[in-house]
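>>> What shape does this take:
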Amino acid sequence: MTRVDRVVTSGTFSLDGGTWDVENNVWIVGDDEQCVVVDAAHDLEAIKRGIGDRRVLAIVCTHAHDDHINQAAALASHTAAPVKLHPADDQLWQRVYPGTTYQPLAEGDRVEVAGTALTVLHTPGHAPGAVCLHAPELGVVFSGDTLFQGGPGATGRSFSDFPTIIGSITDKLLVLPEETVVHTGHGDSTTIGAEAPHRQEWIDRGH
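Okay, the predicted model is just below:
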């Protein structure tokens, strides 16, 4: 039976000359035999403990900010699993892993694990190559830093844009069933139904 496990890891996020302490959610989706890791952040040993003896089929990056990818290469070396990223985030990826490559993700791609499909939704705004992963059979979407409990991800730094993230959330996420659980890149999970009524408030705040 497919399940979703969360590993919370701590580290830093650096961009535009600043560095901030952060806690990240690493999501592990699969069954007792195999899994996919979403956002390999900060703590390789903690992630390995979350995986256990399962076979890792893929390491999916919701975007290429350093706090979401800083253990991706090490985990790939440990598991022989491919790293997958939307190529619109290549500039950010190259800052952490210069000269290296990954498997490109595109809108509509399906990442299969344990009989469940995670469908890629390209949701730029927080980062150009930001993606969410929708698993309708599980009733969940992994939103990375696109949508949080309380609103959209930050758009005040390089490579981000507020109108773009609002468009992505409106067109790709708020159309999902209200009961869909949103597993975020940081903090607590929420639901589409809890966030959808506040769209106009986000726009009015403009943050």
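>>> neighbours of Thr101, just the number please.
12 (other Cβ atoms under 10 Å). For glycine as for every other residue, the C-beta is placed from the backbone atoms N, C-alpha and C.
>>> Next one: the residue of the chain most remote from its centre from Thr101, what distance?
What lies farthest from the middle of the chain is Asp204; by Cα atoms, centre = their mean that is 25.8 Å. Remark: distance between Asp204 and Thr101 (Cβ to Cβ, to the nearest Å) = 42 Å.
>>> Then Trp27?
The value you get for Trp27 to Thr101, if Cβ to Cβ is used, is 23 Å.
>>> Please spell out the segments of this protein that come in under the pLDDT threshold.
207 (pLDDT under 70).
>>> Between the two ends of stretch 184-203, how far is it?
20 Å (Cα to Cα, to the nearest Å).
>>> The closest residue to Gln94 other than its chain neighbours sits in which helix or strand?
Sequence neighbours aside, Thr100 is the residue nearest to Gln94 in space, at 7.8 Å (criterion: Cβ to Cβ, 6 or more residues apart in numbering). Taking DSSP states H and E as the definition, Thr100 sits outside all helices and strands.
>>> Am I right that Thr100 is in contact with Ala76?
No. If you go by Cβ atoms under 8 Å, Thr100 and Ala76 don't touch, sitting 9.9 Å apart.
>>> Pick out whichever of these two has more residues nearby.
Ala76 (19 against 12).
>>> where does His42 fall, helix, sheet strand or coil?
coil (DSSP: H, G, I helix; E, B strand; the rest coil).
>>> any idea how far the nearest residue to it once chain neighbours are set aside lies from Glu107?
Using Cβ to Cβ, 6+ apart and skipping the chain neighbours, the partner closest in space to His42 is Gly11 (3.4 Å). Distance of Gly11 to Glu107, given as Cβ to Cβ: 29 Å.
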